[in-house]
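1. need the 3D shape of this:
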Amino acid sequence: MIERDPQVGPAVLDLAPPEPVIVPSDAAPATDEIPQAPLGVPGGSEPQGRSDIPGHPGAESSDAEDHAATASVASVVAPSGRGAMGRSRTRWIVAGGVAALATAGAIAAAVLLGARPLPEALRYLPADSVVVVEARPELPGDQRQNLGNLLANFPGFADQSVLTQKLDETFDRIVSAASNGSVDYAARIKPLLAGPMVAGVAADGITAMAGAQRAAKGLVVATTDGSVSCGFVFGTAGSLETFRGVDIESVKDDLACALDGSFMLIGDVSSIRAGIDAHLDGAGVDTNARFTAARERLEGDQLGLVFVDGKAIVGIAADFASGVGVDTALISKVPDWVIVGLRVIDDAVQIDVQSPPVAETDLASTVPTDPPPATSRYAALLPADTLAFVEAHGVGANLQRALAILKADPNQTAAIAQLEQVVSAVGGMENVVGWVEDLGLAAIPTGDSVGGVVLIRGTDAAAVSARLAQLRNLLILASTGTDITVNDSEHAGVTITNVDLGDLGSLLSGFGVDSGISGVDARLSFTLAAKNDVLMLAVGDGVIERVLDTTSESSLGTTGAYQRVISLTGSPNDAEVYVAIDGLLGFVESNLPAGVDIGTWIMGVKPYLEHVASFGDATVTTGAGSRSRLVITVK
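-> Below you'll find the model as predicted:
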């Protein structure tokens, strides 16, 4: 401890050991026990020298031995001098070692507790399963709370205390409608949803289903509540065989069923046998490194997932392709695996599609490099009430890379050479697409109708202006002797080129094309304009003017709906999609098909759709692989 001597002034550090506590040899032993560490923690589950545990070493020690041990403690006297300092340092070393062990144990516990455990049902699917489906009706981890928060936005789900009841009622209506009332959800379906439900198909199953016989092969494993039998679920069951202690029953045609504890196995007999073998022999899909790696890539708890073993699919496809003469070059571009995960957050449904990186083809140095992910340029250009838009980044470079990859394939070289010869008349592929950076397509409301605009961002304003001039000259040339008209107008300091192609039937017939629309008043007009480094082509009255009038402060990018979607899907990205579902609702309602009952729409559909806000998707590819995230947000 640190003490201050009033005569000396500065504080001095007292390193002397504390005075020992002398325990009399005849003192009663302490009755408080040291709490035992939990299982898995160093120093844990097996206390040493506990005479109160039958069969434990030391359980036979006598009271005399205990008293002698206490007396030996009482005989300890305090050391002094250098010996005291040595023992003090020893105590610090021991304390440091204990702290290090405790820290390591805490880290190990955090890793173990943080990992998502694999459901036991998965261990029935053989390790060579090519397709795996996992559903989690028990709503694991945060999914029950998140689902409740999401559904609270919809009519009838505000009270989360009755969430399970409401879900049961919903599923009961669905099952009843699908089965015409012949299946009781509560009695025959719900008992199968006590835990994870999985399904899998092995390579031989894929081959069998793709073959001439179209035989159905695969295995479904349901976690039951222990109250049902195969006969009760399917209405009938007949004994087939007992395989490794598990009774397999026939329930319908080639469909069989088996109960192994609380797990119900459903499928063809050979798949059920393979499932029992996998479980008993420790050879389930949980030992498949590709499956476990894919599953770990998904973030958070999932309501369901689908896994496809791409490496196995490649083997099957290669065998099939060689038999029918199909080129196998593109098959090699299939990733080792693909996984799709479904989860719910408080205000959105989220679907992730992930895959590992694919081996790249060596390309010539003249081919553009892979463009990096980018943020949206068009969200700040489009009006706030834009109904939908798609944006892709690095389009020009990606097109050139794709053509180079195809050209490297001997089977595609001739076709690509012909294409290059065609575009050489207009300056070659570099002149056609090399100037393109981003490509976008948007739907924009104009009064009671919807128009569209194509946006192309170039490398710079000069490149965009040059391409617009080329397009305008080509259109003027094409208008000679036709009904095509081309004229210019000004708006907000920007020149707009207005193009009217006239009657489409006459136009197409002039090019020797039988359109089949002769006699029909079918006309097409569009507008062209360039603003800075963006070329615009719009269809619809006033669409291009709306885009030109939009500022960054009045754009789609400032809306809460778009910002929420992009915060979930991710940016920068390679491509993104946005749909304002709530904005489309009015157009859908005013254009309902004749067969739709308006009363059903108003009472049964619209009240739910009104709470759906937006749809979004963003895709990005990095050195770690590819990820596409789709979301549907609610309000």
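2. so how far is residue 241 from residue 143?
-> 39 Å (C-beta to C-beta, to the nearest Å). Using the backbone N, CA and C atoms, a C-beta is placed for each residue, glycine as well.
3. try residue 551
-> Residue 551 is 75 Å from residue 241, by C-beta to C-beta.
4. more neighbours: these two, which one.
-> residue 241 (14 against 9; other C-beta atoms under 10 Å).
5. which helix or strand contains that one?
-> Counting by DSSP states H and E, the element that carries residue 241 is strand 238-243.
6. in its sheet, what does that strand sit against?
-> Strand 238-243 pairs in its sheet with strand 246-252 (antiparallel), by DSSP bridges.
7. how many neighbours does the closest residue to residue 393 other than its chain neighbours have?
-> Nearest non-adjacent residue to residue 393, counting by C-beta to C-beta, 6 or more residues apart in numbering: residue 374, 4.3 Å away. Other residues near residue 374 come to 20 when the count uses other C-beta under 10 Å.
8. now do residue 400
-> Residue 400: 20 neighbours (other C-beta under 10 Å).
9. I'd say it and residue 436 touch.
-> No. If you go by C-beta atoms under 8 Å, residue 400 and residue 436 don't touch, sitting 9.8 Å apart.
10. list the buried residues in the strand holding residue 241.
-> Of the residues in strand 238-243, residue 240 count as buried by neighbour count, 16 or more other C-beta atoms under 10 Å.
11. can I get that strand as CSV, trimmed to CA atoms?
-> Taking C-alpha atoms only, strand 238-243 is exported to CSV below (Å, rounded to 0.1, in the frame of the first residue of the first chain):
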residue,chain,number,x,y,z
GLY,A,238,-47.4,-50.1,-42.8
SER,A,239,-44.3,-51.7,-41.4
LEU,A,240,-41.5,-52.1,-43.9
GLU,A,241,-38.3,-53.0,-42.0
THR,A,242,-36.2,-52.2,-38.9
PHE,A,243,-32.9,-50.6,-39.9
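12. chain center to it: distance?
-> 40 Å (C-alpha atoms, centre = their mean, to the nearest Å).
13. stretch 240-253 too?
-> 37 Å.
14. endpoint to endpoint, that stretch covers what distance?
-> Taking C-alpha to C-alpha, to the nearest Å, stretch 240-253 runs 12 Å from one end to the other.
15. which residues touch that stretch?
-> Stretch 240-253 is contacted from outside by 230-231, 234, 236-239, 256-260, 265-266, 269, 272-273, 276-277, 280, using C-beta atoms under 8 Å, 6 or more residues apart in numbering.
16. strands - which of the residues you listed land there?
-> Mapping those onto strands (DSSP state E) picks out 238-239, 256-260, 265-266.
17. mean confidence score for stretch 478-495?
-> Averaged across stretch 478-495, the pLDDT comes to 91.
18. for stretch 133-141, that is, sorry about that
-> Per-residue scores along stretch 133-141 average to 97.
19. how far off centre is it?
-> Here the centre of stretch 133-141 is set off from its chain's centre by 15 Å, with C-alpha atoms, centre = their mean.
20. same thing with stretch 343-353?
-> That offset, for stretch 343-353, works out to 8 Å (C-alpha atoms, centre = their mean).
21. and stretch 356-363, by the same measure?
-> For stretch 356-363, the distance to the chain centre is 22 Å (C-alpha atoms, centre = their mean).
22. can I get it in PDB, CA atoms only?
-> Presented in PDB, the C-alpha positions along stretch 356-363 are these (Å, rounded to 0.1, in the frame of the first residue of the first chain):
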ATOM      1  CA  PRO A 356     -17.100 -17.700 -52.300                       C
ATOM      2  CA  PRO A 357     -14.800 -16.200 -54.900                       C
ATOM      3  CA  VAL A 358     -14.500 -17.900 -58.300                       C
ATOM      4  CA  ALA A 359     -11.100 -18.500 -60.000                       C
ATOM      5  CA  GLU A 360     -10.500 -15.600 -62.400                       C
ATOM      6  CA  THR A 361      -9.400 -16.000 -66.100                       C
ATOM      7  CA  ASP A 362      -6.100 -14.500 -67.000                       C
ATOM      8  CA  LEU A 363      -6.800 -11.600 -69.300                       C
END
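23. now do the buried residues in it.
-> Quick answer for stretch 356-363 (16+ other C-beta under 10 Å): 356, 361, 363.
24. ditto for stretch 224-242
-> Neighbour counts using 16+ other C-beta under 10 Å place 224, 228, 230, 233-234, 237, 240 of stretch 224-242 among the buried residues.
25. tell me how far the ends of that stretch are from each other?
-> First-to-last residue span, stretch 224-242, C-alpha to C-alpha: 20 Å.
26. can you list the domains in this structure?
-> 22-114, 120-321 (automatic domain parsing).
27. residue 202 contacts residue 208, doesn't it?
-> No. Taking contacts as C-beta under 8 Å, residue 202 lies outside contact range of residue 208: 9.6 Å.
28. need the residues touching each of these two.
-> Counting by C-beta under 8 Å, 6+ apart, the contacts common to residue 202 and residue 208 are residue 217.
29. neighbour count winner among these two?
-> Counted by other C-beta under 10 Å, residue 202 and residue 208 do not tie: residue 202 has more neighbours, with 26 against 19.
30. from residue 267, how far out is the more buried one?
-> Separation of residue 202 from residue 267 (C-beta to C-beta): 11 Å.
31. check the secondary structure at the residue nearest to the spatial centre of the chain for me.
-> Centroid-nearest residue in the chain, with C-alpha atoms, centre = their mean: residue 352, separated by 1.4 Å. Under DSSP: H, G, I helix; E, B strand; the rest coil, the three-state class of residue 352 is strand.
32. circling back to that earlier point, from the buried residues of stretch 224-242, pick the one nearest residue 569.
-> Relative to residue 569, the closest of the buried residues of stretch 224-242 is residue 224; by C-beta to C-beta it sits at 37.5 Å.
33. tell me the bridge partners for residue 629.
-> Bridge pairing for residue 629 (DSSP bridges) gives the partners residue 352, residue 618.
34. same deal with residue 633?
-> Listed beta-bridge partners, residue 633: residue 348, residue 614 (assigned using DSSP bridges).
35. so what's it scoring on pLDDT?
-> Value for residue 633, per-residue pLDDT: 98.
36. ok, it - how many residues close by?
-> 22.
37. please apply the same query to residue 274.
-> Neighbours of residue 274 (other C-beta under 10 Å): 24.
38. what's the distance between it and residue 587?
-> Per C-beta to C-beta, residue 274 is found 52 Å from residue 587.
39. try residue 470
-> 36 Å.
40. now do the helices in the stretch 151-300 of the chain.
-> Secondary structure of the stretch 151-300 of the chain by DSSP state H, counting those that start in this stretch: the helices cover 163-178, 203-210, 230-234, 269-281, 289-297.
41. among those helices, which is nearest residue 387?
-> Evaluated over the helices of the stretch 151-300 of the chain, closeness to residue 387 peaks at helix 163-178, with 29.9 Å, by C-beta to C-beta.
42. any idea how far the closest one is from the chain center?
-> Averaged C-alpha coordinates place helix 163-178 at 27 Å from its chain's average position (C-alpha atoms, centre = their mean).
43. what mean pLDDT does it get?
-> For helix 163-178, the mean per-residue pLDDT is 91.
44. so what touches it?
-> Contacts of helix 163-178 (C-beta under 8 Å, 6+ apart): 144, 147-148, 151, 156-157, 183, 185-186, 189-190.
45. and if you look at stretch 609-618?
-> Stretch 609-618 is contacted by residues 153-154, 561-562, 564-566, 568-571, 573, 575-582, 585, 628-635 when judged by C-beta under 8 Å, 6+ apart.
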